[in-house]
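Chemist: this is the structure alone, sequence omitted:
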């Protein structure tokens, strides 16, 4: 996962509320286990309507999506986060998010920024003409018009996003500690080592064969 310290650029000024994961990526796209290509199916039903914001050339390639309350509700499909990432979206700003979607977004390097509705309204206006900047270092969203809005983010998730650490990366970062633990454990419980465990099983079978207990 690539580190995310700032996300800056144009934003899709959508603002729709209660967008569930079926709208983000329809069910018939879930047959794949690949993360690539899902951006084509993102917001398929919305894109079917003429004049939609996602196909407006003015916002092509925007890394930020501004949405309404309760974004990502519905089923827990991780494909929703995959589709957004494949579409090039690195951050979503909304008043609130589904917990499951927020977790899936985090695991895929997407920043979820929760801000009050009045701030969302302001950013929607700015996004129509100018870029927006999200800074994880200062935990702020800023605009070229001197707007500055602070947002909350779990410290652990913030650290992982800024360092580009997913679950595998977090485990590998503890490689030294894990190796030391395994070394101590083998000294304390040598019978748990696979080759010793095999010997113990053979001894047990031999004892059972003699009828002894």
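Modeler: Alright, I've got the coordinates. Keep in mind that what you see is a predicted model, and the values were worked out from it rather than measured.

Chemist: in a strand, that's where residue 7 is, yeah?
Modeler: Yes: using DSSP: H, G, I helix; E, B strand; the rest coil, the assignment for residue 7 is a strand.

Chemist: beta partners of it?
Modeler: residue 134 (DSSP bridges).

Chemist: now the one 5 residues further on
Modeler: Taking DSSP bridges, one finds residue 65 as the beta-bridge partners of residue 12.

Chemist: against residue 150, how distant is it?
Modeler: Separation of residue 12 from residue 150 (Cβ to Cβ, to the nearest Å): 22 Å. All C-beta atoms are positioned from the backbone trio N, CA, C, and that covers glycine.

Chemist: so which of these two has more stuff around it?
Modeler: Between residue 12 and residue 150, counted using other Cβ atoms under 10 Å, the more crowded position is residue 12 (24 against 10).

Chemist: show the pLDDT at that one.
Modeler: You'll see residue 12 listed with a pLDDT of 98.

Chemist: and residue 49, by the same measure?
Modeler: 96.

Chemist: from residue 104, how far off is it?
Modeler: For residue 49, the distance to residue 104 - Cβ to Cβ - is 26 Å.

Chemist: more neighbours: those two, which one.
Modeler: residue 104 (22 against 9).

Chemist: quick one: contacts for the more buried one?
Modeler: Contact partners of residue 104, counting by Cβ atoms under 8 Å, 6 or more residues apart in numbering, are 72, 76, 78, 80-81.

Chemist: understood, closing this out.
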